[in-house]
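**Q** everything below, folded, please.
(chains A and B)
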Amino acid sequence: MKTTKKIDPSKRAERVSWMLVTPLACVLGFFLLLPILTIVTVSFWNFNEWSFFPDFILDNYVYHLTSAVTWATYLKTLKFMVLTWCFCAVIGFTVAYFLAFHVRSLPVQIALFLVCTIPFWTSNIIRMISWIPFLGRNGIANSSLISLGVIDEPLEWLLYSDFAVVLAFVHLYALFMVVPIFNTMMRIDKSLIEAARDAGASGLQILTNVIIPLAKPGIMIGSIFVVTLVMGDFITVRHMSGGQSASVGRIISNEIALLQYPAAAASSVVLLCTVLLMIGVMMRFVDIRKEL
Amino acid sequence: MEPRSRSFYVLAAFFTLFVIFLYGPVITIGILSFQGPKGGLTFPMNGVSVHWFYDLFEQQAVGDIWGSFRRSFALGLMVMSVTVVLSVMGGMAFRRKFRGSSVLFYLIIASLIVPSILVSLGVGLIFNILDLEVHWATSGFGSQLTWTLPFGLLIMFAVFNRFDKSYEEAARDLGASPWQTVRHVVLPIIAPMLIGVALFGFTLSYDEFARTLLTAGSYNTLPLEIFGMTTNVTSPVLYALGTLTTVFSFFIIGTFLTIVVVMRKRQASGGSDAGSGLV
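**A** All right, here's what the predicted structure looks like:
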């Protein structure tokens, strides 16, 4: 019998894995986990005009949750989220469907896919600003509508309105739908579609009975992105509504601006719970590890 | 090949509209940035000039654009390197299950879905309580990593899920040590994907706003500087800046994609040297 003190290979492998993930765990621990724990702690602290200090009070939560403004703002944010999600889902699905099933050569598919993803790697703020000349009072949209005779007066609700906010959200986040849906669609076995067609299914039936069910994980992953990005947003809403619309993120950023950190922390905890709850429900429909 | 159906043309039209929707606004500000010196924020063009680009180079007119660009560039490179290295290490570790792997996996996913402003606020609070000074290269750097790392890791997970293990087995059979296998077999094979991770790392950092907002300290990064400008600059100089940064982003994306294509070509052409040593 070999009794030399050789380390069990599986234990050794585990040790190597741990060594490999240590830096990663440290970064996420210090810059993600610890900040969240700090926010939870500080949300029970007290504050005055110039500082905040340890305490255990529930006032921050009571104030946040009993304020009518909070509830109205949550409603508004949900409205933004639902509208954005609908548009992103429809656009994302259609674009991905076109790329995956109607474009026949792989190089063209990859090229068109890149055309869709490149804006994702450019600045969101610039992409928001770039709507100004288009939607403004004397912008392209208004002047072309006037010259076409559709309207007489420039539309006031194009820029700095809820319309502009949703438009910007869709513009910024539609990619987050296109990419995962395209990814799942590319893995659908084409012979399934042929089989459906041979069995006499119409194009629409193939879409609703074969493609949509198989693309569901991609739709879910895209939805998770869109929901979290819209729920936590504060700058798109501020910028595109001209400061007129509120969102949950803006409540937090306003409280931060007023240096009311414990209040901001309590609002953040409520937001985090809301988002996690939504994601928790969505995660039930998809196993992310299987989708990679 | 069967002829194109009618739905193809409808969908192609939809796709074209989507692309116009994506790029139209950016192209518009590209054109408007050449607005004449007396031109405004919208059409019509009031002459054509490079006046607003010229303005950008005058420090007093618009604040510290070049300083913030330098900081963003440096930060982008820092975030990029760390993202690539940690993503490869993480990707390799996650190829087999280890104790705590699912906890860490959910932490990575959480890093994506926690609203950015929470990271910003949390890191800001920690530095505040510990009486440390927030700085773009410390707190800003760490906060941005929580955004770039999950992307890098998810890409690496996808890469290793498709990785053919027989290459490593072959290397091991030939007597390569684990490190040699990684260095001479695994890394060269995944190299093009690493460029992809690097692209994500750099661009996501270079454009990051929300997570850097409370963690950059007194020296702004470029997106923060631009956002500051949106509230008080109402001349096409804003468009000129937008055009320049977008062109810069396109340049970076183009460079990375070219590197990927070249690497792929090399891999394809240099594939097998079997038999070449026998002559």
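
**Q** measure the closest residue to chain B within the stretch 101-250 of chain A to A:Ile279 for me?
**A** Chain B sits closest to A:Gly232 of the stretch 101-250 of chain A, with a gap of 2.4 Å, by Cβ to the nearest Cβ. Placement of C-beta: from N, CA and C, glycine included. For A:Gly232, the distance to A:Ile279 equals 12 Å [Cβ to Cβ, to the nearest Å].

**Q** same check on A:Ala111?
**A** Separation of A:Ala111 from A:Ile279 (Cβ to Cβ): 33 Å.

**Q** please say which of these two ends up with more neighbours.
**A** The residue with more neighbours, out of A:Ala111 and A:Ile279 and counting by other Cβ atoms under 10 Å in any protein chain shown, is A:Ile279; that gives 19 against 11.

**Q** so which helix or strand takes in the more buried one?
**A** helix A:261-283 (DSSP states H and E).

**Q** can you give me the helices for the stretch 51-200 of chain A?
**A** A:59-66, A:68-97, A:106-117, A:124-129, A:132-135, A:140-147, A:162-186, A:190-198 (DSSP state H, counting those that start in this stretch).

**Q** same deal with chain B?
**A** B:6-32, B:51-56, B:59-62, B:65-93, B:101-113, B:116-129, B:141-161, B:166-173, B:178-181, B:187-207, B:210-213, B:222-232, B:237-269 (DSSP state H).

**Q** for chain A, which of the ones you listed is the nearest?
**A** That would be helix B:116-129 among the helices of chain B, by Cβ to the nearest Cβ, at 2.3 Å.

**Q** for the closest one, the distance to its chain's centre please.
**A** In this view, helix B:116-129 has its centroid 23 Å away from the chain centroid, taken as Cα atoms, centre = their mean, to the nearest Å.

**Q** again, but for stretch B:65-80
**A** 13 Å.

**Q** buried sites along that stretch?
**A** For stretch B:65-80, the neighbour count (16 or more other Cβ atoms under 10 Å in any protein chain shown) marks B:Ile65, B:Ser68, B:Phe69, B:Arg71, B:Ser72, B:Phe73, B:Leu75, B:Gly76, B:Met78, B:Val79, B:Met80 as buried.

**Q** cool, and stretch B:169-185?
**A** Across stretch B:169-185, burial judged by 16+ other Cβ under 10 Å covers B:Ala171, B:Ala176, B:Thr181, B:Val185.

**Q** extract the CA atoms of it and return them as CSV.
**A** C-alpha atoms of stretch B:169-185 as CSV (Å, rounded to 0.1, in the frame of the first residue of the first chain):
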residue,chain,number,x,y,z
GLU,B,169,-5.2,15.6,-22.7
ALA,B,170,-2.9,15.4,-25.7
ALA,B,171,-0.6,18.0,-24.1
ARG,B,172,-0.6,16.1,-20.8
ASP,B,173,0.1,12.8,-22.6
LEU,B,174,3.1,14.4,-24.3
GLY,B,175,4.4,15.2,-20.8
ALA,B,176,3.4,18.9,-20.5
SER,B,177,3.1,20.2,-16.9
PRO,B,178,-0.2,21.8,-15.9
TRP,B,179,1.4,25.3,-16.3
GLN,B,180,2.9,24.4,-19.7
THR,B,181,-0.5,23.1,-20.8
VAL,B,182,-2.1,26.4,-19.9
ARG,B,183,0.7,28.5,-21.4
HIS,B,184,1.2,26.7,-24.7
VAL,B,185,-2.2,25.1,-25.3
